[in-house]
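Enquirer: pasting the sequence and the predicted coordinates here, then a few questions.
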Amino acid sequence: MYINGEWSRADNDAGLDVFNPATGEKIGSVANGDQKDAARAIEAAARAFKSWSALTAYQRSEYLYDAYRIMMERKEDLARVMTLEQGKPLKAARNEVRYGADFLLWYAEEAKRVYGDTIPAPRPDQRFIVLKQPVGVVGAITPWNYPVSMVTRKVAPALAAGCTIVLKPAEDTPLCAVEVFKVLHDAGIPGGVANLVTARDPGPIGDEFISNPLVHKLAFTGSTEVGKLLARGAAEHLKRISLELGGHAPFIVFDDADPRRAATGAMLVKFLNTGQACISPNRIFVQRRVIDDFVAEAKARVEKMRAGNGLEAGVSIGPLVGPAAMEKVERQVADALELGATLVSGGRRLTADGLDRGFFYAPTVLSDVSEQMQIYREETFGPVAAIIPFDTEEEVLEMANDTHYGLASYLYTRDISRAMRVFEKLRFGIVGINDINPTAAAAPFGGMKESGLGREGGREGIAEYLETKLGGFSI
Ligand code: NAP
């Protein structure tokens with residue numbers, strides 16, 4: 001753990017072992033913290049808040065620039081830790097480190113743009129001034145699928161705003177978080193400003209974040225189920241909260257688009273991180289006239305993908321995170337096939353050549369997917385592309401919006417009027433239009449409906465860590 005600028009183990013600590021999901025081998029061990037450790041970290045963050053929030057934005061910005069530079073210098077080492085710990089191919093891990101570092105850079109810049117307002121007042125002797133001030137101590141919880149960028153996406157805006165933070169990373173990927181905090185330490189960020197508590201049991205840490213009066217804001221990325229649990233707790237104490245939760249992205253291909261280009265895009269984004277991404281397309285709607293071409297291209301693309309250890313060249317499909325993820329994928333595929341889906345490719349666990357030591361599932365394409373199948377409603381979080389035919393724009397908009405999730409969505413069309421119409425009508429926080437990567441540190445990321453509250457990245461991302469204070473002056 002990293003508390004008050006010092007690395008420590010937990011009291012009575014047997015340690016939290018970390019395993020390579022591709023091989024099952026133990027690759028390290030970190031502190032197994034508990035509620036007392038979280039409370040200690042919160043106290044350190046509350047003490048540090050006084051001096052950190054009193055720095056000028058220029059001073060805080062300098063620390064973040066240094067952290068950015070150090071992270072980029074360590075890009076290769078960090079990427080290797082990520083591949084070992086989380087399983088994604090090395091190339092994807094390098095991309096994630098770059099994306100993670102971008103938040104440090106972007107918020108080093110945004111720190112200096114936290115502007116207030118002056119507002120014309122109704123009385124001649126009155127003046128209104130609006131200040132933006134840091135919320136205070138932040139309790140943050142992050143998932144395993146993007147173990148570096150989900151950390152910097154919270155830490156960077158919080159620190160830029162003048163907040164201090166205590167972060168609990170996912171139990172499957174604490175080593176990446178440790179490496180990020182080494183970067184923050186080496187950038188000279190003062191003790192107590194950013195604290196890390198690693199733990200096997202997340203419940204007590206979350207409880208401490210919720211109940212400790214020194215914490216004023218919760219920032220969470222993970223499942224909708226746990227997000228709701230934390231939101232209920234936060235409501236009890238009326239704490240600020242931002243939530244980045246699950247998704248069930250529709251990917252719509254109209255028949256005026258090039259079906260092969262659309263299939264190339266769909267397969268790239270679907271199998272990114274082995275489908276373990278909140279913006280992963282879960283339902284791929286293809287207009288009937290082009291569906292055969294689309295399916296043929298998807299099959300050809302998928303059959304070229306190689307699963308394996310992400311450290312090996314040519315591997316594009318890493319392991320699933322664990323047995324529960326495998327069970328969910330197998331269950332959804334079996335259910336779809338039983339209810340009439342067609343298996344185009346894949347559809348089985350991979351065990352040959354040592355893959356049985358991890359949880360590998362063949363990249364899978366299903367066509368003729370329909371509404372009554374589990375995969376149509378439930379987030380898959382695995383390497384299964386579910387293709388659904390449609391006839392009209394009106395029909396597909398209805399189907400696409402028919403989900404309680406509202407994070408990412410995609411559409412392919414060459415008709416600009418249709419692109420604008422559908423963009424406006426999709427009830428999702430992010431819409432990729434002929435684009436499969438509508439994300440960047442400078443852009444607001446987040447969901448509607450049960451996909452979350454608030455935004456990370458962009459100008460909006462720092463607003464989550466700021467209070468608005470009105471000054472009314474009589475002169
Ligand atoms: P998860 O089970 O909700 O876990 C996320 C984090 O919450 C982990 O650190 C976990 O700790 C912790 N946690 C679990 N139960 C908790 C509790 N009772 N109190 C406090 N903390 C608790 O989600 P996941 O399976 O790791 O992540 C996958 C989900 O995240 C998917 O639904 C995905 O769509 C979503 N996601 C969303 C975004 C986004 O930006 N919207 C980005 C990435 C992922 P442990 O690791 O110890 O269980």
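Expert: Yes, it's here. Numbers count the residues shown, from 1 in each chain.
Enquirer: ok now do the residue of the stretch 251-400 of the chain found nearest the ligand, which residues does it touch?
Expert: Closest to the ligand within the stretch 251-400 of the chain is residue 278: 3.2 Å, counting by Cβ to the nearest ligand atom. Heads up, the C-betas are built off the backbone N, CA and C, glycines and all. With contact set as Cβ atoms under 8 Å, 6 or more residues apart in numbering, residue 278 has these partners: 145, 244-247, 407-408, 451.
Enquirer: ditto for residue 181
Expert: Applying Cβ under 8 Å, 6+ apart, one finds that residue 181 lies in contact with 2, 194, 196.
Enquirer: what is the burial count for the last one?
Expert: What that stands for is residue 196. By the measure other Cβ atoms under 10 Å, the count of residues near residue 196 is 28.
Enquirer: need phi/psi at the closest residue to it other than its chain neighbours.
Expert: Excluding the flanking residues, the one nearest residue 196 by Cβ to Cβ, 6 or more residues apart in numbering is residue 2, at 4.2 Å. When read as degrees, to the nearest 10, the backbone of residue 2 gives phi -130, psi 100.
Enquirer: any idea how many residues pack against residue 2?
Expert: Neighbours of residue 2 (other Cβ under 10 Å): 25.
Enquirer: on the three-state scheme, the residue nearest in space to the middle of the chain is what?
Expert: Per Cα atoms, centre = their mean, the C-alpha nearest to the average position across the chain is that of residue 150, at 5.3 Å. Under DSSP: H, G, I helix; E, B strand; the rest coil, residue 150 falls in the helix class.
Enquirer: on that earlier part again, so can I have TSV of the contacts of residue 181 showing distance to residue 226?
Expert: Shown next, in TSV, are these (distance: Cβ to Cβ, whole Å):
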residue	distance to residue 226
2	23
194	23
196	19
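Enquirer: sec struct for residue 353, please.
Expert: Per three-state DSSP, residue 353 ends up helix.
Enquirer: okay, it: pLDDT?
Expert: Per-residue confidence (pLDDT) for residue 353: 94.
Enquirer: any idea how far residue 20 is from it?
Expert: 16 Å (Cβ to Cβ, to the nearest Å).
Enquirer: out of these two, which sits in the more crowded spot?
Expert: More crowded of residue 353 and residue 20, by other Cβ under 10 Å: residue 20, with 21 against 9.
Enquirer: wait, what's in contact with that one?
Expert: Contacts of residue 20 (Cβ under 8 Å, 6+ apart): 26-27, 84-85, 87, 358.
Enquirer: out of the contacts of residue 181, who's nearest residue 343?
Expert: Residue 343 lies nearest to residue 196 out of these, by Cβ to Cβ, at 44.1 Å.
Enquirer: touching, residue 459 and residue 466? I think so.
Expert: No - contact criterion Cβ atoms under 8 Å: residue 459 and residue 466 do not qualify, at 10.8 Å.
Enquirer: ok, those two, which is more surrounded?
Expert: residue 466 (21 against 15).
Enquirer: find the nearest non-adjacent residue to that one, please.
Expert: Nearest to residue 466 is residue 132, by Cβ to Cβ, 6+ apart, at 4.5 Å.
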